[in-house]
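Colleague: When you get a sec, could you give me coordinates for this:
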Amino acid sequence: MCLRPRTIAEKSAIARAVAREVWPHVAAGAVRPVIDCTFPLPQASDAHRRLEAGEHVGKIVLVVNGM
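Modeller: All right, here's what the predicted structure looks like:
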């Protein structure tokens with residue numbers, strides 16, 4: 001769904017619906033992203049190669065030290 005052409009009122013209604021219907025599930029941990037793998041930031045090129053290979057299922061995450 002593209003939000004750009006929608007009016008402010010439509011965007012506000014969508015945001016309220018997400019807050020009411022979706023966010024409680026996220027907050028409860030019932031909805032979580034699928035993470036394929038993680039890479040330390042210095043290995044970003046390896047992460048990019050994995051992304052380009054197209055064999056991943058889920059997100060590829062770069063881990064930043066101290067976060």
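
Colleague: from here on, contacts and neighbour counts on C-alpha atoms
Modeller: Fine.

Colleague: Output the longest helix belonging to the chain.
Modeller: Assignment by DSSP state H gives helix 8-21 as the longest helix of the chain.

Colleague: what's that one in contact with?
Modeller: L3 (CA atoms under 8 Å, 6 or more residues apart in numbering).

Colleague: just checking, what packs against the helix or strand just after it?
Modeller: Using DSSP states H and E, the next helix or strand after helix 8-21 towards the C-terminus is helix 23-27. Using 3 or more CA pairs under 8 Å, 6 or more residues apart in numbering; DSSP states H and E, no helix or strand is in contact with helix 23-27.

Colleague: If you drop the residues flanking it in sequence, what lies closest to A47?
Modeller: F39 (6.3 Å; CA to CA, 6 or more residues apart in numbering).

Colleague: Would you enumerate the residues in contact with the one you found?
Modeller: 46-47, 60-63.

Colleague: pLDDT value on it, please?
Modeller: On pLDDT, F39 comes in at 97.

Colleague: Make a ChimeraX selection of the buried ones in the contacts of F39.
Modeller: Filtering the contacts of F39 down to the buried ones (16 or more other CA atoms under 10 Å) takes a single ChimeraX command:
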select :47,60,62
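
Colleague: Let me have the contacts of F39 in TSV, extended by pLDDT.
Modeller: What follows is these, written out as TSV (pLDDT from 0 to 100):
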residue	pLDDT
D46	97
A47	97
I60	97
V61	97
L62	97
V63	97
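
Colleague: where does the protein have low pLDDT?
Modeller: 1, 66-67 (pLDDT under 70).

Colleague: and the longest helix of the chain, how far from the chain's centre?
Modeller: 19 Å (CA atoms, centre = their mean, to the nearest Å).

Colleague: for stretch 39-52, same thing?
Modeller: That offset, for stretch 39-52, works out to 17 Å (CA atoms, centre = their mean).

Colleague: and S12, how many neighbours?
Modeller: Using other CA atoms under 10 Å, S12 has 12 neighbouring residues.

Colleague: Revised request: answer the last question for A19.
Modeller: Neighbour tally, A19, other CA under 10 Å: 13.

Colleague: so D36 is in which element?
Modeller: According to DSSP H and E, D36 maps onto strand 35-40.

Colleague: Could I get the buried residue list for that strand?
Modeller: F39.
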